[in-house]
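Peer 1: mind looking at a prediction? Sequence and model below.
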Amino acid sequence: MLPNVLEKPEVVDDAVRAASKIRTMVSDAAEDGVRSARKAMKQGRYAAEDAIQEAERTVKQRPFVSVGVGFATGVLVGGLLAWAGLRRR
């Protein structure tokens, strides 16, 4: 059967064209995926930068509240770690 297929150039040409079309489609899809990933990374970076700037502004506007929140967070984390350490015994 293989020699019969190879003797018909139109069948081989159709197969080559189909393979080329599939390769192009896969390549385009991969490029679209890369573009989408880069766009998402940029958006994430901008969102993180905005959050950092907002936190810096809040700390500058309310320094005592910021210190209080940091202290309360430390006490809470320390208490949870101590409680977890006592439970293991």
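Peer 2: Looks like it came in fine. Numbering: from 1, shown residues only.

Peer 1: C-terminal to the longest helix anywhere in the chain, what's the next element?
Peer 2: Using DSSP state H, we find that the single longest helix of the chain is helix 9-61. Downstream of helix 9-61, the next assigned helix or strand under DSSP states H and E is helix 63-88.

Peer 1: which elements pack onto that next one?
Peer 2: Applying 3 or more CB pairs under 8 Å, 6 or more residues apart in numbering; DSSP states H and E, we find helix 63-88 packed against no helix or strand. In short, each C-beta sits where N, CA and C put it, glycine included.

Peer 1: the inter-axis angle of it versus helix 9-61?
Peer 2: 110 degrees (axes from the mean of the first three to the mean of the last three CA atoms, to 10 degrees).

Peer 1: what mean pLDDT does helix 63-88 have?
Peer 2: Across helix 63-88, pLDDT averages out at 93.

Peer 1: 36 is where my numbering starts, stick with that
Peer 2: Yes, from this point I'll number from 36; that puts the last item at helix 98-123.

Peer 1: pull out the buried residues from it.
Peer 2: For helix 98-123, a neighbour-count test (16 or more other CB atoms under 10 Å) marks nothing as buried.

Peer 1: sorry, back to before: tell me how far the longest helix of the chain is from the chain's mean position?
Peer 2: 10 Å (CA atoms, centre = their mean, to the nearest Å).

Peer 1: helices and strands around it, which ones?
Peer 2: Looks like helix 44-96 contacts helix 37-41 (3+ CB pairs under 8 Å, 6+ apart).
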